[in-house]
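J.: what's the 3D shape of this:
(chains A and B)
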Amino acid sequence: MAHFDEKAKPFSHKWLNERMAVDTVKKVLSTEYWIPKDINFLWAMGMILAATFGLLIISGIFLLMYYQPSVDSAFDSVNYTIMNEVGYGWLWRHIHGVAASVVFLVIYIHMFTGIYYGSYKRGREMIWLSGMLLFVLFSAEAFSGYMLPWGQMSYWAGMVITNLFEGFSPTIAGGVANFPGFVEWLRGDYVPGQAFLTRFFMLHVFLLPLVIIAVIVLHFATLRIPHVNNQHGKEIDFDEAAKLYKEGKKKESKVIPFNPVFLSKDVFVMGVYFILFFYLVFFHFEFAMDPVNFDPADGLKTPAHIYPEWYFLWSYEILRPFNKDLGLIAFGFAQVAFFLLPFLDKSPVVAPANKRGLFKVWFWVMIVDMIVLTVMGKLPPEGIWTVIGLVAALVFIALFVALPFITKFEKKA
Amino acid sequence: MKEFKILAVVVILSLITYWGVEPFAHSQMHKHVEGHNFVYDGAADIAEATTEKAAAKKAFWGEVNQIAKLPGNAAAGEALFGTCMGCHNGAGINMGGVIPPVLDHAGSLYDKKYLIALIKDPAMASNVDHKYAVTMMHPMGAVQAMVTTPQQIADVVAYIKAKKVGKMTPQAAYEEACGRCHANRYGNLTQLGETPKFKTEKEALAHKLKVLDEQALVEKYMGKLPPDLSIMIRARSEHFMETFIENPQTQLPGTSMPRVGLTKEGYEQVKAYLEETGDPSKEARHAIGPWVILFFVIFTVLAYLWKKHHWKDLH
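T.: The predicted structure is shown next:
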């Protein structure tokens, strides 16, 4: 039994320390959580994501107070009640909509930073995998949220994406990968309707946020032991560096404490980000709120162009140029390709891509290919766009097939 | 400095992606329609007409342009205008598919040449003559028997342009120009105008029945019930709205929506109303936005000083 000081005032520092070891917790999580000094502003993306997620939750709570998950009133509860009647309802909605779009931009920057600096291997595999899991969860969260205003794009995107779950054609492999009735089970109806809307509402406001918060905690936990990577991929003896820092030899030490030194830089980068973010919220929100979704859902009127939000376009474009079955395989490949990165990269070298020979080429081709896929995913599948889209999709697949060979070669070099 | 180089790479790649999925993709998805600045001289109609129709359109608009040159006599026009009041009386009774519009602000709302064309041949003026090719008659077709000579047309239009003018609220402009076919539920408008407050549910339901009856007539006449315009201003781009209202056929070939012939001024008023119902936060956004951004500029400066303080003795 631990010792408790009878005289300690309830909730005093000592009292809390005896019961919850607050000093130790503070050290472990904050003042003696060591971060390498050799970093740039890209290392702040994690905190920016956390802040944006916070904004999404806060704005979401306010929207939830007025949103009505009914096919008859969902559209007007968003576009009239929230936008016209509720004080500052428009502000919460624009924050929510812009944050939902911008959060993916930051996720991609965060992700490609990780790839560029090789921060997914040599002990950091779990950071990468939990991060990719967050990406999938955020995608599901974004998709389910997109259903809620019950506009034309909600309805038709919901139709197209749930159709994917039908599986492969019945003629493939005796129909083992064909799931008759699964789409209807998923929708709770033959077409997106009330059951569909209510279940996506539940997913969006309850189950998915809950899981996301849990996985964010996991993502933070995976960081604690391997530590954050640094700009040159140098291995750091954190114990020794921490000792130097604590002795006051800050210049010699290669590390800084999370709080307040790392945090002070994070908060500065966050400030710059929020200037841009609120500029978008007030003056340039249309990019995040597709005009098509301001037409109420109509199951009898297919929009001329159906496309997902920009952050899904690259994987949509990997699906689209092929026939149904090939497309599904390619799409599935695209979904797992990034997950497998730590295992496809056979080189033990942790260094910036630009210092890694052929991997440098691989990285920049991948970035360009992702951008090309994204743009082609939005363009109508006609003429030259189809050809470019197909080539870009094939390049994507080839890149990930080639990665083990490229990185093996690097090891010998 | 290295961080700025990295920032430049991130910003450039983000902007290329943005350009590709927004301005560029949209320019490829929607055909470009040239606006004609609310001038109605038939040039667009003739250009887009099929070869068999082009001659008739050319002749029609040629005559319209001729009539426009005649000096109209507003006093003589007033007497003739009396015959218009037989239908355009504000009684709200459906005639041949739609309720004839109130003409209180017609002189401000509608273009002179458009009015001339409309009186001469309503279907041609509205550029929906394809709808009346065989069996149907335009609901306003009777005007061709009432106001017949070029001089009479010029007189009536001179009267409308002189007397039926004045300041109108955006809502009045919308109701006169669009409201007979398009409801606007966020503006509490149906095809029968503003919905009053009712004391009993029975009265409300009785009114709703009347609205449904009116909508059924409009639907029968138009082929489908024209969409509610509550937030159309956010569902379509500004350029689409402008060119579509000028000449619906350019954006939706074959549509039964008639050209309404709005003047620039009339269009601005209608647009103002659509913004009132569809995008009411515009003013608030522009009022608050700069302050929020200023807050974060100050926040960022303070954060930078804090960062400097902690990082100054690290290197």
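J.: quick check: residue A:30 vs residue A:23, distance?
T.: Note on residue A:30: its distance to residue A:23, by Cβ to Cβ, to the nearest Å, is 11 Å. Every residue, glycine included, has its C-beta placed from N, CA and C.
J.: same deal with residue B:168?
T.: For residue B:168 relative to residue A:23 (Cβ to Cβ), the value is 72 Å.
J.: what's the burial count for the closest residue to chain A within the stretch 51-200 of chain B?
T.: The stretch 51-200 of chain B approaches chain A most closely through residue B:186 (5.3 Å), counting by Cβ to the nearest Cβ. For residue B:186, the neighbour count with other Cβ atoms under 10 Å in any protein chain shown is 21.
J.: surely it meets residue B:232?
T.: No - checked against Cβ atoms under 8 Å, the pair residue B:186 and residue B:232 is beyond contact range at 10.4 Å.
J.: around residue B:73, how many other residues sit close by?
T.: Residue B:73 has 16 nearby residues by other Cβ under 10 Å.
J.: same check, this time on residue B:303
T.: Neighbour number of residue B:303 under other Cβ under 10 Å is 22.
J.: thinking it is in contact with residue A:270, fair?
T.: Yes - between residue B:303 and residue A:270 there is a contact at 7.4 Å, judged by Cβ under 8 Å.
J.: quick check on residue A:380: phi, psi?
T.: In terms of degrees, to the nearest 10, the main-chain angles of residue A:380 are phi -60, psi 140.
J.: need the contact list for it.
T.: Taking Cβ atoms under 8 Å, 6 or more residues apart in numbering or on different chains as the contact definition, residue A:380 lies against A:305, B:28-29.
J.: give me the phi and psi for residue B:110.
T.: phi -110, psi 150.
J.: phi first, then psi, for the closest residue to it other than its chain neighbours.
T.: Closest residue in space to residue B:110, ignoring its immediate chain neighbours: residue B:261 at 4.7 Å, by Cβ to Cβ, 6 or more residues apart in numbering or on different chains. When read as degrees, to the nearest 10, the backbone of residue B:261 gives phi 70, psi 30.
J.: and residue B:261, what's its pLDDT?
T.: What the model reports as pLDDT for residue B:261 is 93.
J.: my guess is it contacts residue B:106. True?
T.: No - contact criterion Cβ under 8 Å: residue B:261 and residue B:106 do not qualify, at 9.8 Å.
J.: find residues that contact each of those two.
T.: Common neighbours of residue B:261 and residue B:106, counting by Cβ under 8 Å, 6+ apart, are residue B:115.
J.: so for those two, which sits in the more crowded spot?
T.: Between residue B:261 and residue B:106, counted using other Cβ under 10 Å, the more crowded position is residue B:261 (25 against 22).
J.: looking at residue B:168 and residue A:23 now, which is surrounded by more residues?
T.: Of the pair residue B:168 and residue A:23, residue B:168 is the one with more neighbours under other Cβ under 10 Å, namely 19 against 12.
J.: OK, contacts around the closest residue in space to the more buried one that isn't next to it in sequence?
T.: Of all residues not flanking residue B:168 in the chain, residue B:105 sits nearest, at 4.4 Å (Cβ to Cβ, 6+ apart). Taking Cβ under 8 Å, 6+ apart, we find residue B:105 in contact with B:164-166, B:168, B:172-173, B:176.
J.: if I look at residue B:105, how far off is residue A:216?
T.: Taking Cβ to Cβ, one finds residue B:105 at 59 Å from residue A:216.
J.: quick one: pLDDT of the residue of the stretch 51-200 of chain B closest to chain A?
T.: On pLDDT, residue B:186 comes in at 97.
J.: what about it, which SS state?
T.: helix (DSSP: H, G, I helix; E, B strand; the rest coil).
J.: what sits against it?
T.: A:79-80, A:84, B:230-231, B:277-278.
J.: let's go with 6 Å and repeat that
T.: By Cβ atoms under 6 Å, 6 or more residues apart in numbering or on different chains, the residues touching residue B:186 are A:80, B:230, B:277.
J.: which one is the second one nearest to, not counting chain neighbours?
T.: In space, residue B:230 comes closest to residue B:186 once its chain neighbours are excluded; the distance is 3.9 Å by Cβ to Cβ, 6+ apart.
J.: find the residue at the geometric middle of the chain.
T.: Assuming you mean chain A. Residue closest to the average C-alpha location in chain A (Cα atoms, centre = their mean): residue A:135, at 3.4 Å.
J.: was after chain B, sorry
T.: So for chain B, Cα atoms, centre = their mean, it's residue B:245, sitting 4.4 Å from the centre.
J.: and it, what element?
T.: helix B:238-246 (DSSP states H and E).
J.: equivalent analysis for residue A:199, please.
T.: Per DSSP H and E: helix A:194-202 holds residue A:199.
J.: name the residues that touch that helix?
T.: A:69, A:71, A:144, A:147, A:187-189.
J.: apply 10 Å and report the result again.
T.: Contact with helix A:194-202 is made by A:64, A:67-72, A:74, A:140, A:143-148, A:150, A:154-155, A:158-159, A:162, A:186-189, A:192, A:207-208, A:297, as judged by Cβ atoms under 10 Å, 6 or more residues apart in numbering or on different chains.
J.: just the buried subset of the residues you listed, please.
T.: With burial judged by 16 or more other Cβ atoms under 10 Å in any protein chain shown, the buried subset of those is A:67-69, A:71, A:74, A:140, A:143-148, A:150, A:154-155, A:158-159, A:162, A:186-187, A:192, A:208, A:297.
J.: tell me the contacts of the closest residue to residue A:317 other than its chain neighbours?
T.: Of all residues not flanking residue A:317 in the chain, residue A:377 sits nearest, at 3.6 Å (Cβ to Cβ, 6+ apart). With contact taken as Cβ under 10 Å, 6+ apart, residue A:377 is in contact with A:307-308, A:310, A:312-320, A:385, A:389, A:392-393, B:20-21, B:25.
J.: what about residue A:377, which SS state?
T.: helix.
J.: residues touching the residue in the stretch 1-150 of chain B that chain A sits nearest to, list them.
T.: Going by Cβ to the nearest Cβ, chain A is nearest to residue B:20 of the stretch 1-150 of chain B, at 3.3 Å. With contacts defined as Cβ under 10 Å, 6+ apart, the neighbours of residue B:20 are A:310, A:313, A:371-372, A:374-379.
J.: do the same with residue A:136
T.: Per Cβ under 10 Å, 6+ apart, neighbours of residue A:136: A:215, A:335, A:338-339.
J.: leaving out chain neighbours, which residue sits closest to residue B:34?
T.: residue B:243 (7.5 Å).
J.: what about that neighbour, neighbour count?
T.: 19.
J.: hmm, residue B:259 and it touching each other?
T.: No - in this structure, residue B:243 is not within contact of residue B:259 by Cβ atoms under 10 Å, at 11.2 Å.
J.: ok, back up a step: taking the contacts of residue B:20, please make a ChimeraX selection of just the buried ones.
T.: In ChimeraX syntax, the buried subset of those is picked out as below (16+ other Cβ under 10 Å):
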select /A:310,313,371,372,374,375,376,377,378,379
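J.: quick check, nearest of the contacts of residue B:20 to residue A:115?
T.: Residue A:115 lies nearest to residue A:371 out of the contacts of residue B:20, by Cβ to Cβ, at 14.6 Å.
J.: low-confidence ranges in the stretch 151-300 of chain B?
T.: By pLDDT under 70, the stretch 151-300 of chain B has no low-scoring segment.
J.: quick one: the helices in it?
T.: B:170-177, B:201-222, B:232-235, B:238-246, B:248-251, B:264-278, B:282-311 (DSSP state H, counting those that start in this stretch).
J.: closest to residue B:195 out of those helices?
T.: Nearest of those (Cβ to Cβ): helix B:201-222, 6.8 Å.
J.: figure out how far the helix holding residue A:199 is from the centre of its chain.
T.: 23 Å (Cα atoms, centre = their mean, to the nearest Å).
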